[in-house]
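coordinates for the following, if possible.
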Amino acid sequence: MSSQPPSRHSPVEPIFVGVAGRIGSGKTSAAKYLSSTYRFQYTRYSQVLEQWLSPGGSDGDRLQKLGWDVMAGGLQVELNSRVISGLDRARSAAIDGLRHRIDFDSLSSAFGTSFQMIFLEAGQKVRFERLRSRFSSYSAFNAADSHPVEANIDSLKPLASITISNEESLETLYRRLDTCMAECATGGRA
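Okay, here's the model as predicted:
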């Protein structure tokens, strides 16, 4: 955990931070840190997808397939609507797992200048090492990383308010997120 004291206060005006990046880049760690440290609401696209289409639960492979079915079936707008409607607009939020341009556009449209996106990047080998317990082999990881639902993630990078290289420790990631939040609190963009 961060050496900083926990439970900092959110910025005065609510901000809505989308977190994007390839699998294993640290999206969930970043979004949960914002939630626990800054008292942001936390939501995750795959969590909303699971509640909507697979309330009994799903593993990562099944969620990838559901995510692709939603996107290919023209239902991504509905998924975004569900993500957005589940948020209290009076409280800052961390939104984990943007994968498509339509996700960015939907959140930007809903939250205007209060929306910012952080893009996390890490090399493929680093990401595989982080997910070793989930994937039995590098080829299994590579298959998941190459799944069609993951194909557009890199196109989100140029839209990000900030890109964070996340190949080091969680402590380093948390410090970088703290810097982003300090900039938000002083009126700067993340």
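
what is the burial count for Ser146?
When counting by other Cβ atoms under 10 Å, one arrives at 9 neighbours for Ser146. Quick note: C-beta positions are derived from backbone N, CA and C, even for glycine.

quick one, what contacts it?
Contacts for Ser146 (Cβ atoms under 8 Å, 6 or more residues apart in numbering) come out as none.

can you offset everything so residue one is 34?
With 34 as the first residue, the last one maps to Ser179.

any idea how far it is from Ala173?
Distance of Ser179 to Ala173, computed by Cβ to Cβ, to the nearest Å: 11 Å.

next one: Leu210
The value you get for Leu210 to Ala173, if Cβ to Cβ is used, is 30 Å.

just checking, Phe148 touches Phe49?
Yes: using Cβ atoms under 8 Å, Phe148 makes contact with Phe49 at a distance of 4.7 Å.

give me the below-cutoff pLDDT ranges for the chain.
Where the chain drops to pLDDT under 70, the residues are 34-44, 218-223.

show me where it has strands.
In the chain, the strands defined using DSSP state E lie at 49-54, 74-77, 126-131, 148-154, 195-198.

any chance of CSV for these, columns mean neighbour count and distance to Glu216?
CSV is the format used below for the strands of the chain (neighbours: other Cβ atoms under 10 Å; distance: least, Cβ to Cβ, whole Å):
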stretch, mean neighbour count, distance to Glu216
strand 49-54, 27, 12
strand 74-77, 18, 20
strand 126-131, 27, 16
strand 148-154, 23, 10
strand 195-198, 17, 9
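
now those strands as TSV including distance to Ser62?
Converted to TSV, those look like this (distance: least, Cβ to Cβ, whole Å):
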stretch	distance to Ser62
strand 49-54	9
strand 74-77	12
strand 126-131	9
strand 148-154	9
strand 195-198	11
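
wait, which of these is closest to Lys98?
Nearest to Lys98, of all these, is strand 126-131, at 15.3 Å by Cβ to Cβ.

just the CA atoms of the closest one, as PDB, please.
What follows is strand 126-131, C-alpha atoms only, in PDB (Å, rounded to 0.1, in the frame of the first residue of the first chain):
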ATOM      1  CA  ALA A 126     -16.100   7.600  -9.600                       C
ATOM      2  CA  ALA A 127     -13.400   5.300 -10.900                       C
ATOM      3  CA  ILE A 128     -14.600   3.300 -13.900                       C
ATOM      4  CA  ASP A 129     -12.600   0.300 -14.600                       C
ATOM      5  CA  GLY A 130     -12.200  -1.400 -18.000                       C
ATOM      6  CA  LEU A 131     -12.900   0.900 -21.000                       C
END
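
partners of it, with directions?
Sheet pairing of strand 126-131 (DSSP bridges) gives strand 49-54 (parallel), strand 74-77 (parallel).

specify the angle between that strand and strand 148-154 in degrees.
Per axes from the mean of the first three to the mean of the last three Cα atoms, to 10 degrees, the angle that strand 126-131 makes with strand 148-154 is 50 degrees.

quote the end-to-end distance of stretch 133-152.
Using Cα to Cα, to the nearest Å, the end-to-end distance of stretch 133-152 comes to 12 Å.
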